[in-house]
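K.L.:
One predicted model, sequence on top.
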Amino acid sequence: MTNADQQEKTQPAESARIGDRCIMVIFGASGDLTRRKLLPALYNLGLKNLLPREFAIMGFAIDQMTEDDFRKRVREDLREYAGAPPECSLCDWISDHSYYIPGDFKNAADFAKLKDRIAELEARHHTQDNILFYLATLPQFFSEIVRQLGEQGLTNEGAGNWRRVVVEKPFGNDLESAKSLNRDLCQVLKETQIYRIDHYLGKETVQNILIFRFSNGIFEPVWNRRYVDHVQITVAENLGVERRGPYYDKAGCLRDMVPNHILQLVSLTAMEPPISFHADAVRNEQSKVLHAIQPMSPEDVLTRAVRGQYGAGAIGAERVPGYREEPLVDPHSNTETFVALKLLLDNWRWADVPFYVRTGKRLASRETEIAIQFRRAPFILFRGTAMDKLVPNRLVLHIQPDEGISLQFGAKIPGATVRVGSVNMDFRYKDYFGAEASTGYERLLYDSMIGDATLFQLTEMVEAGWTIVEPVLDVWKALPPRSFPNYAAGTMGPKEADDLMKRDGRAWRIE
Ligand code: BG6
């Protein structure tokens, strides 16, 4: 079968359900997220005919801007961030369906105006009273916006319509603030109206972890402590903090990446088979994994958690400054830009199988992958072969940028003597399915329009995530780092992260 045949057989049916008619109200419509991700994602959904015809975008943000200015910006953003051509009827359609009012998130009168505009658009676009509210703002406004919406009665659902609120990350900055945000939201909304987003779940390859594990009979039997030696997850970025210093310097790498993206990858890799792909079934299994992660004692934090901060260095041929020299960052900052953890799961399937995770900024390359390393073959057959030359089997799920799956195994190197070499069996998405323009937000926006919450987080998942990282946050706060910066930009992080593996007789796959 050729790749083209393959592609034809695996394309989604043309009859895929179109998103429900609705108005999408974007709070923070003048910000980066809207411009770089949300608008391009809507455009990509439009290209696939998944956007409803009865649809309008209502932008709401503090910036004083006319509706015409907003529409002009929408067109420009679609060209710049979605790669739309200069003449583009879909861009015209999206911008003609875009509206804007400037407003203050704390001002009830502005929300009253928003309510009137929504009523007007509803009459014009026949959106059946369905509204998707998207909180693309700084997190300190989430509770207030939802409270204001409640006051105006804008979150009330009737028999035939829906009202949903998509909440961006970060969802709180520790367990207590996450609980308090949940409480605030639940005073106005039902749990089924809250869509807590984690854009990692919008990535095709992340969604594929489920399909790969549970639609192929051959992997499940070996996916456990009997066959797996350890799992290592790397989420490496080569970018620095760019202009996000004010947020990042307060949050740090642990809060920014671990309770959300990294733990999503851990839970999808480690979860038990759900009884169906229904939202609750999948999320309950993920939740169980998060609850099975052993809480770290302060002593564990000292031995199983590593932090780092980048100093000046080079990414490829380009010299780059250290974190403390970045714009809008405190020059004496002790914020970590790198984290490595050894996680242990207390359950039957994974007892004694460590999950090593690491993530950081300004690392040598941009690479996200999950590597399942299997136990070594019994050595006795290969007497005379150096142990370290006998490479164990590894299954690597490449999440980005080169999406694919590879299986590493040993093979005889041709020749008169017996020598074992390591070879890879590779599958690359783009060879089979072609490359598709995607921001990662398409599926998530589409799902929120059809009411499928599978890829959104439950309250308890968010809270479990914070429970796992909180002991680390506490110890790190009490013991400020003494050696920052401790890795040069363009390397794979501090030496202590390598030592974390070395102590267990293991090594990171990407060095
Ligand atoms: C965001 C973090 O949630 O994810 C960023 O706030 C990080 O700091 C980004 O760079 C990584 O996402 P991606 O899709 O580029 O891997």
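P.N.:
Alright, I've got the coordinates.

K.L.:
where exactly do the helices run in the stretch 51-200 of the chain?
P.N.:
67-82, 89-96, 108-125, 142-151, 175-188 (DSSP state H, counting those that start in this stretch).

K.L.:
Which positions in the longest one come out as buried?
P.N.:
Same thing as helix 108-125. Across helix 108-125, burial judged by 16 or more other Cβ atoms under 10 Å covers 110-111, 114-115, 117-118, 121-122, 125. Where you see a C-beta, it was placed from the backbone N, CA and C, and this is true even at glycine.

K.L.:
Can you name the helix or strand that residue 391 falls in?
P.N.:
Following DSSP states H and E, there is no helix or strand that holds residue 391.

K.L.:
residue contacts, it?
P.N.:
Listed by Cβ atoms under 8 Å, 6 or more residues apart in numbering, the contact set of residue 391 reads 408, 410, 420, 422.

K.L.:
what does residue 500 give?
P.N.:
Shown in contact with residue 500 (Cβ under 8 Å, 6+ apart): 304, 306, 340, 342, 356.

K.L.:
Residue 366 too?
P.N.:
Taking Cβ under 8 Å, 6+ apart, one finds 236-239, 400-401 in contact with residue 366.

K.L.:
Stretch 131-142 and the ligand in contact?
P.N.:
No. Among the residues of stretch 131-142, none lie within reach of the ligand under Cβ under 6 Å from any ligand atom; the closest is 11.4 Å away.

K.L.:
got the contact list for that stretch?
P.N.:
By Cβ under 8 Å, 6+ apart, stretch 131-142 touches 22-29, 31, 33-34, 38, 61, 105, 118, 145-146, 149, 154-155, 162-168, 170-173, 181, 184-185, 247, 448-449.

K.L.:
quick one: which of these sit in strands?
P.N.:
22-27, 61, 163-167 (DSSP state E).

K.L.:
Let me have the residues you listed in TSV, adding distance to residue 416 as columns.
P.N.:
Formatted as TSV, the ones in strands among the contacts of stretch 131-142 follow (distance: Cβ to Cβ, whole Å):
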residue	distance to residue 416
22	70
23	74
24	68
25	73
26	68
27	71
61	72
163	74
164	68
165	69
166	64
167	65
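
K.L.:
For the closest residue to the ligand within the stretch 251-400 of the chain, give its distance to residue 337.
P.N.:
The nearest approach of the stretch 251-400 of the chain to the ligand comes at residue 256, 4.7 Å away (Cβ to the nearest ligand atom). Distance, residue 256 to residue 337, by Cβ to Cβ, to the nearest Å: 9 Å.

K.L.:
got the residues of the stretch 301-450 of the chain near the ligand?
P.N.:
Checking the stretch 301-450 of the chain against the ligand by Cβ under 6 Å from any ligand atom, the hits are residue 440.

K.L.:
Which parts of the stretch 301-450 of the chain are helices?
P.N.:
According to DSSP H, counting those that start in this stretch, the helices that the stretch 301-450 of the chain contains are 429-433, 442-450.

K.L.:
Excluding chain neighbours, what is closest to the closest residue to the ligand within the stretch 401-511 of the chain?
P.N.:
In the stretch 401-511 of the chain, the residue that lies nearest the ligand is residue 440 (5.9 Å; Cβ to the nearest ligand atom). Among residues not flanking residue 440 along the chain, residue 202 sits closest, at 3.9 Å (Cβ to Cβ, 6 or more residues apart in numbering).

K.L.:
contacting residues for the one you found?
P.N.:
Here residue 202 is in contact with 439-444, 455 (criterion: Cβ under 8 Å, 6+ apart).

K.L.:
re the thing from before, of the helices of the stretch 51-200 of the chain, which stretch is the most buried?
P.N.:
Neighbour counts averaged per stretch over these are highest for helix 142-151, at a mean of 20; criterion: mean count of other Cβ atoms under 10 Å.

K.L.:
what does the average pLDDT come to for it?
P.N.:
Mean pLDDT, computed over helix 142-151, is 98.

K.L.:
Let me know the angle separating it from helix 108-125.
P.N.:
Inter-element angle recorded for helix 142-151 and helix 108-125: 60 degrees (by axes from the mean of the first three to the mean of the last three Cα atoms, to 10 degrees).

K.L.:
Output helix 142-151 as CSV - backbone C-alpha positions only.
P.N.:
In CSV, the C-alpha atoms belonging to helix 142-151 read as follows (Å, rounded to 0.1, in the frame of the first residue of the first chain):
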residue,chain,number,x,y,z
PHE,A,142,-10.4,34.5,35.8
SER,A,143,-12.5,34.6,38.9
GLU,A,144,-13.7,38.2,38.4
ILE,A,145,-14.7,37.7,34.7
VAL,A,146,-16.7,34.6,35.6
ARG,A,147,-18.4,36.5,38.5
GLN,A,148,-19.3,39.3,36.2
LEU,A,149,-20.7,36.9,33.7
GLY,A,150,-22.8,35.3,36.4
GLU,A,151,-24.1,38.7,37.6
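
K.L.:
Report the angle between it and helix 175-188.
P.N.:
Using the same axes, to 10 degrees, helix 142-151 lies at 10 degrees relative to helix 175-188.

K.L.:
Helix 142-151 versus strand 163-167: what angle between them?
P.N.:
Using the same axes, to 10 degrees: helix 142-151 against strand 163-167 is 170 degrees.

K.L.:
Before we move on, what's the pLDDT of the residue of the stretch 401-511 of the chain closest to the ligand?
P.N.:
Looking at residue 440, the pLDDT reads 88.

K.L.:
What of the one 4 residues further on?
P.N.:
The pLDDT attached to residue 444 in the predicted structure is 95.

K.L.:
I'd say it and residue 455 touch.
P.N.:
Yes. Assessed by Cβ atoms under 8 Å, residue 444 is found in contact with residue 455 at 6.1 Å.

K.L.:
Now do the shared contacts for the two.
P.N.:
Taking Cβ under 8 Å, 6+ apart as the criterion, residue 444 and residue 455 both touch 201-202.

K.L.:
Let me know how buried residue 350 is, in neighbour terms.
P.N.:
22 (other Cβ atoms under 10 Å).

K.L.:
Kindly apply the preceding question to residue 331 instead.
P.N.:
That count, for residue 331 with other Cβ under 10 Å as the rule, works out to 9.

K.L.:
so who does it touch?
P.N.:
Here residue 331 is in contact with 324-325 (Cβ under 8 Å, 6+ apart).

K.L.:
which stretches of the stretch 251-400 of the chain aren't confidently modelled?
P.N.:
When residues are selected by pLDDT under 70, those of the stretch 251-400 of the chain lie in 379-389.

K.L.:
all strands for it, in order.
P.N.:
Using DSSP state E, counting those that start in this stretch, the strands of the stretch 251-400 of the chain run over residues 305-308, 310-311, 313-315, 318-320, 338-343, 355-360, 367-374, 394-400.

K.L.:
circling back to that earlier point, neighbour-wise, which of the contacts of residue 366 leads?
P.N.:
residue 236 (20 neighbours).

K.L.:
what's that one sitting at in phi/psi?
P.N.:
phi -100, psi 140 (degrees, to the nearest 10).

K.L.:
cool, the one 3 residues further on as well?
P.N.:
Phi and psi for residue 239, reported as degrees, to the nearest 10, are phi -70, psi 160.

K.L.:
hang on, isn't it packed against residue 361?
P.N.:
Yes. Using Cβ under 8 Å, residue 239 is in contact with residue 361, at 6.4 Å.

K.L.:
quick revisit: quick one, which of the contacts of stretch 131-142 are buried?
P.N.:
22-29, 31, 33-34, 38, 61, 105, 118, 145-146, 149, 154-155, 162-168, 170-173, 181, 184-185, 448-449.
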